[in-house]
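*Asks:* heads up, no residue letters with this:
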Ligand SMILES: CC(=O)N[C@H]1[C@@H](OP(=O)(O)OP(=O)(O)OC[C@H]2O[C@@H](n3ccc(=O)[nH]c3=O)[C@H](O)[C@@H]2O)O[C@H](CO)[C@@H](O)[C@@H]1O[C@H](C)C(=O)N[C@@H](C)C(=O)N[C@H](CCC(=O)O)C(=O)O
Ligand SMILES: Nc1ncnc2c1ncn2[C@@H]1O[C@H](COP(=O)(O)OP(=O)(O)OP(=O)(O)O)[C@@H](O)[C@H]1O
Ligand SMILES: N[C@H](CCC[C@H](N)C(=O)O)C(=O)O
Ligand SMILES: [Mg+2]
């Protein structure tokens, strides 16, 4: 595509020369530049992309998009007010507006996004739809997996991914939409058909500062869900009726509303819930019929995720029988309430609970079936919301018998200072402090007896521990199995 053709889509820009090169790729990272690239300069949190414009030119860039004039460049420079906003427009156009031709489902909320997107994927696959998935664990295009750095990548990667999905004949894409992505405009250009809300509880206050602005960021997904009434392309907001914020999201969107819930009357509901340690049975009420279902996942929070996924799929015209077939065989998601079985006579669970609410939910669920003591190995991430640390520690001491505070990706922070923040929430309580996570897991396994449950919280599917600038291999499940095997010797 020629530069000028691309620029016709930018409402406000200035161009410094009359050259009109052919653009063969768009990049925001100078290290990715190829001959023919347009380089977009982003002023980031760590460095300023404008400082890499020269390097981009040397690597073969044929044009630059920037927010300020740049000296000593021989290639055309397009000036815009906001290069991130411009990037979203150009990415969408360059990749042929891929989301206009696919069914796109976005899932937002503090907890349950990864789980809910995977349940939706399972149902859509059961309905023989070819799917793509974007989220915390990976980008998945049919069966092919790619590593990701962010839960919701920036607009350029997003549109490129959707384009690739289209090329591989994906018809249905499901994505997690983080509050950061909403606030930073990463999803500008994404034409969602269905937007799903799981819940809103405390997290990420380092970034959003207040719960009000965190909620506002989540609401943007619904505000951006189209604003016209097209009977052939009805947009649907799937909202949790048991969450207060849903009332506000209803006001923020012109889309059709489909609600789900357990407590408050809703379109899709679970009633007569019966739980065991291995699964859950309930009556599923929907606008197209009522069925008794049994799922392999446990905990009230899992029912919410299933209800959200069922509603999203009903909103996507999937029939109820297919939906039920899929949810009844679904085994859960890696690192989410995942049982670790090394032949031991106590239960070990690896779970991604890294917020106060998720930790409380998971521990409450364990309390319903534990026969002995609960051990809870938990830490809090460095360079993340500090205010959740004492709350998570408090919850661990409240619901478990042997809380073991440890490290979870301390990043640039001193692990002992993170532990101090946790301890501030639990003065006078009984707990253990074992900063080394491997030792903490071993300690729990060595002390657990028949009928006890060990919850290893916070890292779920993660296979690393970030300490300082270094990333070390670390897998909670693997370490737990090693510890169990040691005990068996
Ligand atoms: C705070 C934040 O969102 N940061 C994101 C941001 O990084 P940044 O602003 O530091 O980027 P930077 O390093 O300053 O670079 C600025 C520009 O210079 C360019 N550059 C840089 C170096 C170079 O040699 N050449 C070059 O061209 C970069 O490509 C970039 O365009 O842009 C990066 C590229 O898109 C993101 O990966 C990065 O996310 C970081 C890793 C992050 O931790 N983000 C978290 C806060 C986040 O977004 N989390 C949410 C929610 C998670 C959840 O709850 O599930 C998420 O969606 O992941
Ligand atoms: N609906 C829910 N409500 C509360 N807690 C939940 C819910 N679903 C899952 N959890 C808990 O939250 C943890 C994370 O779940 P999941 O990975 O699905 O959430 P997420 O929203 O994708 O998180 P992230 O923002 O880190 O990507 C789970 O391991 C579980 O402990
Ligand atoms: N998406 C979340 C994941 C947290 C996982 C936990 N293990 C940590 O590192 O804090 C975040 O970046 O806040
Ligand atoms: Mg996630």
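*Replies:* Good, I have the coordinates. Since we're looking at a predicted model, the values are computed, not measured. Ligands and ions are numbered 1, 2, ... in the order given.

*Asks:* which non-adjacent residue is nearest the residue in the chain positioned nearest to ligand 3?
*Replies:* Proximity to ligand 3, evaluated over the chain using C-beta to the nearest ligand atom, is greatest for residue 381 at 2.0 Å. All C-beta atoms are positioned from the backbone trio N, CA, C, and that covers glycine. Closest residue in space to residue 381, ignoring its immediate chain neighbours: residue 409 at 4.8 Å, by C-beta to C-beta, 6 or more residues apart in numbering.

*Asks:* so what secondary structure elements neighbour the worst-scoring helix or strand of the chain on mean pLDDT?
*Replies:* Sorted by mean pLDDT, DSSP states H and E, the helices and strands of the chain end with strand 14-15, the least confident at a mean of 74. Contacts defined by 3 or more C-beta pairs under 8 Å, 6 or more residues apart in numbering; DSSP states H and E place strand 14-15 against strand 77-79.

*Asks:* what are the contacting residues of the following helix or strand past the strand it packs on?
*Replies:* Using DSSP states H and E, the next helix or strand after strand 77-79 towards the C-terminus is helix 83-94. Helix 83-94 is touched from outside by 1, 6, 9-10, 13, 23, 26, 28, 38, 40-43, 49, 65-67, 80, 99, 154-156, 158-160, 184-186, 188-189, with contacts defined as C-beta atoms under 8 Å, 6 or more residues apart in numbering.

*Asks:* hmm, helix 83-94 touching ligand 1?
*Replies:* No. If you take C-beta under 6 Å from any ligand atom as the test, helix 83-94 misses ligand 1, and the best it gets is 8.8 Å.

*Asks:* starting at the chain centroid, how far to that helix?
*Replies:* Distance of helix 83-94 from the chain centroid (C-alpha atoms, centre = their mean, to the nearest Å) equals 23 Å.

*Asks:* show me where pLDDT drops low in the protein?
*Replies:* 16-17, 277 (pLDDT under 70).

*Asks:* what parts of it come near ligand 4?
*Replies:* 113-114, 136, 176 (C-beta under 5 Å from the ion).

*Asks:* export those residues to JSON lines and tack on neighbour count?
*Replies:* Below are those laid out as JSON lines (neighbours: other C-beta atoms under 10 Å):
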{"residue": "113", "neighbour count": "26"}
{"residue": "114", "neighbour count": "23"}
{"residue": "136", "neighbour count": "18"}
{"residue": "176", "neighbour count": "26"}
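
*Asks:* among those residues, which pair sits farthest apart?
*Replies:* Farthest pair in the residues of the chain next to ligand 4 (C-beta to C-beta) is 113 and 136. Separation: 7.4 Å.

*Asks:* quickly list what's touching both of these two.
*Replies:* By C-beta under 8 Å, 6+ apart, the residues touching both residue 113 and residue 136 are 151, 176.

*Asks:* circling back: give me the number of residues near the residue of the chain closest to ligand 3?
*Replies:* By other C-beta atoms under 10 Å, 21 other residues sit near residue 381.

*Asks:* SS state for it?
*Replies:* Look at residue 381: counting by DSSP: H, G, I helix; E, B strand; the rest coil, its state is coil.

*Asks:* separation between it and residue 366?
*Replies:* 22 Å (C-beta to C-beta, to the nearest Å).

*Asks:* spell out which parts of this protein neighbour ligand 3.
*Replies:* So far as C-beta under 6 Å from any ligand atom goes, the chain lies against ligand 3 at 151, 354, 381, 384, 408-409, 458-459, 462.

*Asks:* returning to that earlier point: and the residue of the chain closest to ligand 3, what does it touch?
*Replies:* So residue 381 contacts 354, 408-411, 458 (C-beta under 8 Å, 6+ apart).

*Asks:* just the ones of those in helices?
*Replies:* Using DSSP state H, the subset of the contacts of residue 381 located in helices is empty.

*Asks:* reformat those residues as a markdown table; add distance to ligand 2 and neighbour count.
*Replies:* Listed next are the contacts of residue 381 as a markdown table, based on distance: C-beta to the nearest ligand atom, whole Å; neighbours: other C-beta atoms under 10 Å:
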| residue | distance to ligand 2 | neighbour count |
| --- | --- | --- |
| 354 | 6 | 24 |
| 408 | 12 | 26 |
| 409 | 12 | 24 |
| 410 | 17 | 23 |
| 411 | 15 | 17 |
| 458 | 9 | 26 |
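
*Asks:* where's the residue nearest to residue 250 when sequence neighbours are not counted, which helix or strand?
*Replies:* Take residue 250 and drop its neighbours on the chain: the residue closest to it by C-beta to C-beta, 6+ apart is residue 257, 5.8 Å away. Here residue 257 sits within strand 256-261, counting by DSSP H and E.

*Asks:* and that strand with ligand 2, contact?
*Replies:* No. Using C-beta under 6 Å from any ligand atom, strand 256-261 stays clear of ligand 2, with a minimum separation of 11.2 Å.

*Asks:* pairing partners for that strand, with directions?
*Replies:* Using DSSP bridges, strand 256-261 pairs in its sheet with strand 236-240 (parallel), strand 268-275 (parallel).

*Asks:* where do the helices sit along the stretch 351-489 of the chain?
*Replies:* Assigned by DSSP state H, counting those that start in this stretch, the helices in the stretch 351-489 of the chain fall at 356-369, 388-399, 415-423, 437-447, 476-488.
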